[in-house]
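A.B. asks: Show me how the following folds:
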Amino acid sequence: MSTTPQTGPSPIQSFHPLIQTAWTGLVTGVLHTMTGPDHLASLAPLTIGRSRVQSALLGALWGAGHGTGQLLLGSIFLLFKENIEHLLPLLSRWSGTLVGLILVLIGAHGLHESLLPIDGEAMEFTSYIGTYINGFTFGLQPDALMMILPALALPSRAAAASFLGAFLLGTIAAMATYAAGIGAASEALGKRMPWLTQRLSQISGIVAILLGLFFVVTNVLGL
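C.D. replies: Okay, the predicted model is just below:
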């Protein structure tokens, strides 16, 4: 009597769950990034009036910094969970204060730049580095842990890696797209109404300052 040989799952069947996990990480990264008002407020003053390419690069760098900051904080939490878990409320409070101060500085920088002509072709290297560090600092907020902790419940390291890698890509893609949109829109409007770019820079700078002050006050006072 012949028997049908038992075979394991095909490579495609084994790979399919990783694709689903990666899609979940990608969508999570996009949604987390685009629904954060502090994320959007931090980039607007830096990208208004710049070209689409420059803005997209700034957005991608901010997203890369934000994602790597989250992954670093998540790794530290995993390695030293028992030692630092009780410190999370304090860390959340002071990291929120730091983010608020950075928003104030970004807003002030945006107001300053609105008074100067923007060179559409040249940007200082420090602007790129500063944008990455800005995003990295935002990624160190304990609240961001909630976005990457689902990876801990996944059944394998490969699944966790696919989720986290896609999450990082989603963060980068979302911020690059958002920043490119701001840059393209402000550039197009600026050609028709040159004064509008300056006004938009000033408004975005003021919004960033107000939001930053709100973060500082609520975190310092524990509200």
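A.B. asks: can you give me the helices for the protein?
C.D. replies: Assigned by DSSP state H, the chain shows helices spanning 11-34, 37-47, 52-79, 81-84, 88-114, 125-139, 145-148, 157-192, 194-220.
A.B. asks: for the third one, packing partners?
C.D. replies: Packed against helix 52-79, as judged by 3 or more C-beta pairs under 8 Å, 6 or more residues apart in numbering; DSSP states H and E, are the following elements: helix 11-34, helix 37-47, helix 125-139, helix 145-148, helix 157-192. For every residue, glycine as well, the C-beta is placed using N, CA and C.
A.B. asks: So which bits of that helix are buried?
C.D. replies: Under the neighbour-count criterion of 16 or more other C-beta atoms under 10 Å, helix 52-79 has 52, 54-71, 73-74, 77 buried.
A.B. asks: now the longest one
C.D. replies: By neighbour count on 16+ other C-beta under 10 Å, the buried set for helix 157-192 is 159-180, 182-184, 186-187, 189-190.
A.B. asks: Can you find the helix or strand of this protein with the lowest average pLDDT?
C.D. replies: Between all helices and strands in the chain, the lowest mean by mean pLDDT, DSSP states H and E belongs to helix 81-84, at a mean of 65.
A.B. asks: what's Ile133 in contact with, if anything?
C.D. replies: Gly65 (C-beta atoms under 8 Å, 6 or more residues apart in numbering).
A.B. asks: Quick check: it vs Gly65, distance?
C.D. replies: 6 Å (C-beta to C-beta, to the nearest Å).
A.B. asks: Endpoints of stretch 37-57, how far apart?
C.D. replies: Stretch 37-57 stretches 20 Å from its first residue to its last (C-alpha to C-alpha, to the nearest Å).
A.B. asks: ok, back up a step: mean pLDDT for the helices and strands packed on helix 52-79: which is lowest?
C.D. replies: Note on the helices and strands packed on helix 52-79: helix 145-148 shows the lowest mean pLDDT, a mean of 69.
A.B. asks: Identify the spatial nearest neighbour of Leu40, chain neighbours not counted.
C.D. replies: Among residues not flanking Leu40 along the chain, Tyr178 sits closest, at 6.9 Å (C-beta to C-beta, 6 or more residues apart in numbering).
A.B. asks: isn't the one you found right up against Leu43?
C.D. replies: Yes: between Tyr178 and Leu43 there is a contact at 6.8 Å, judged by C-beta atoms under 8 Å.
A.B. asks: Find residues that contact each of those two.
C.D. replies: Counting by C-beta under 8 Å, 6+ apart, the common neighbours of Tyr178 and Leu43 are Gly59.
A.B. asks: still on that earlier bit, in a markdown table, list the helices and strands packed on helix 52-79 along with distance to His112.
C.D. replies: Converted to a markdown table, the helices and strands packed on helix 52-79 look like this (distance: least, C-beta to C-beta, whole Å):
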| stretch | distance to His112 |
| --- | --- |
| helix 11-34 | 26 |
| helix 37-47 | 10 |
| helix 125-139 | 13 |
| helix 145-148 | 33 |
| helix 157-192 | 17 |
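A.B. asks: closest one to Val220 among those?
C.D. replies: Minimum separation from Val220 across the helices and strands packed on helix 52-79 (C-beta to C-beta) falls at helix 37-47, 16.2 Å.
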